[in-house]
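Enquirer: everything below, folded, please.
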Amino acid sequence: MNARWISAGLIATALAIAPNRTARTEWLSSRATTGSVTASEPVEHRVKPAEPLHASTRKTSEATREQVAWMTRVTSEVRARFERPVGLNLLENDAGAMVAIASASGADFIRVKIYVGAMMTPFGLETGKAHEAIKARNALAADRVAIFADVHDRTGMPIASGGFVEDVEFAVRLGGADGLVLTGKSFPETLTLIRAARGKWPTVPILVGGGIDKDNFCEAVALADGAIVSTSLKASGSAVGPFVPEKVKEFMTNARRPRPSI
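Expert: Now for the predicted structure:
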């Protein structure tokens, strides 16, 4: 994988907000245009924003056929337009569907938010998808698709866990994760998690999963290999809504500045 880069990935649930084909096509075109504000930036850390869709459509732990079809289209379009690493995530945590989409669209990685153990989330109890992800990747001969696993994601509470370090080991050693996505409930906690994971697995790539803005980015990537950036680049200040090109450009200006060592 490329050394040290940023990806906002493709975080989505469904295209229910666009009720017909014309509307969906217009949506796709506008989102690809939004992403183009960083397409020519020759920087070591790169942003590839792709518009998240509203989580209100999330009802089960399995992606719908419509989600799989349109996420494959969206990811393929982004992959064709920009020479950047591209990843995807489905809020349903459907690892099999994510691997299938990545395999068909040429995506570089998937993000699985509950990979080992179990988490109590706002949507209820969810269990690890390591076996499902590896099984799907083997079945599709999709070894080129990297699996980035969240461990103790901030949106849930681990259940019957032996602790963060043990679950990191389970994700990497038993689950075969190619990389980790770490996000604490605060930025200082995120840095603590990264240091703990580095102490156990110093060579495993680590992405910061959230809470990144123009002010803390340099400090984050002094420890991590990259970051998933979304909310701080939006007008809404939340996971939904369009990206603001001016915010993206300001972020990239800061990303080019010399980074401190920690």
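Enquirer: so where do the helices sit in the chain?
Expert: 21-35, 65-81, 95-105, 130-139, 164-169, 187-200, 217-221, 245-255 (DSSP state H).
Enquirer: which strands and helices sit next to the shortest one?
Expert: Right, the one you point to is helix 217-221. When contacts are defined as 3 or more Cβ pairs under 8 Å, 6 or more residues apart in numbering; DSSP states H and E, helix 217-221 packs onto helix 187-200, strand 226-227, helix 245-255. Where you see a C-beta, it was placed from the backbone N, CA and C, and this is true even at glycine.
Enquirer: each with direction, which strands does the shortest one pair with?
Expert: Looking back up the chat, that one is strand 226-227. strand 206-208 (parallel) (DSSP bridges).
Enquirer: who's in contact with the strand it pairs with?
Expert: Contacts to strand 206-208, defined as Cβ atoms under 8 Å, 6 or more residues apart in numbering, come from residues 7, 148, 179-183, 190, 194, 197-198, 220-221, 223-228.
Enquirer: same check on stretch 98-108?
Expert: Contacts to stretch 98-108, defined as Cβ under 8 Å, 6+ apart, come from residues 1, 10, 63, 68, 71-72, 75-76, 79, 85-90, 109-112, 133, 136-137, 140, 142, 144-146.
Enquirer: so Cys87 is in contact with Phe109, correct?
Expert: To be clear, residue 87 is Gly; Cys isn't right here. Yes - at 4.1 Å, Gly87 and Phe109 qualify as touching, with contact defined as Cβ atoms under 8 Å.
Enquirer: out of the helices of the chain, flag the one nearest Ala235.
Expert: helix 245-255 (8.0 Å; Cβ to Cβ).
Enquirer: any buried residues in that closest one, and which?
Expert: For helix 245-255, burial by neighbour count (16 or more other Cβ atoms under 10 Å) applies to 247-248, 251-252, 255.
Enquirer: ditto for stretch 66-77
Expert: Applying 16+ other Cβ under 10 Å to stretch 66-77 flags 67-68, 70-77 as buried.
Enquirer: what mean pLDDT does it get?
Expert: Mean per-residue pLDDT for stretch 66-77: 92.
Enquirer: please state the offset of it from the chain centre?
Expert: 16 Å (Cα atoms, centre = their mean, to the nearest Å).
Enquirer: again, but for stretch 96-114
Expert: 10 Å.
Enquirer: could I get that stretch in PDB with only the CA atoms?
Expert: C-alpha atoms of stretch 96-114 as PDB (Å, rounded to 0.1, in the frame of the first residue of the first chain):
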ATOM      1  CA  GLY A  96     -19.300  -9.900   2.400                       C
ATOM      2  CA  ALA A  97     -21.100  -7.100   0.400                       C
ATOM      3  CA  MET A  98     -18.100  -4.700   0.900                       C
ATOM      4  CA  VAL A  99     -15.600  -7.300  -0.400                       C
ATOM      5  CA  ALA A 100     -17.900  -8.000  -3.400                       C
ATOM      6  CA  ILE A 101     -18.200  -4.300  -4.300                       C
ATOM      7  CA  ALA A 102     -14.500  -3.700  -3.900                       C
ATOM      8  CA  SER A 103     -13.700  -6.700  -6.000                       C
ATOM      9  CA  ALA A 104     -15.900  -5.600  -8.800                       C
ATOM     10  CA  SER A 105     -15.100  -1.900  -8.700                       C
ATOM     11  CA  GLY A 106     -11.400  -2.000  -8.200                       C
ATOM     12  CA  ALA A 107     -11.400  -0.500  -4.700                       C
ATOM     13  CA  ASP A 108      -8.200  -0.800  -2.700                       C
ATOM     14  CA  PHE A 109      -9.600  -1.500   0.700                       C
ATOM     15  CA  ILE A 110     -12.700  -1.900   2.800                       C
ATOM     16  CA  ARG A 111     -13.300  -0.700   6.300                       C
ATOM     17  CA  VAL A 112     -15.100  -3.100   8.700                       C
ATOM     18  CA  LYS A 113     -16.300  -1.300  11.800                       C
ATOM     19  CA  ILE A 114     -16.900  -4.400  14.000                       C
END
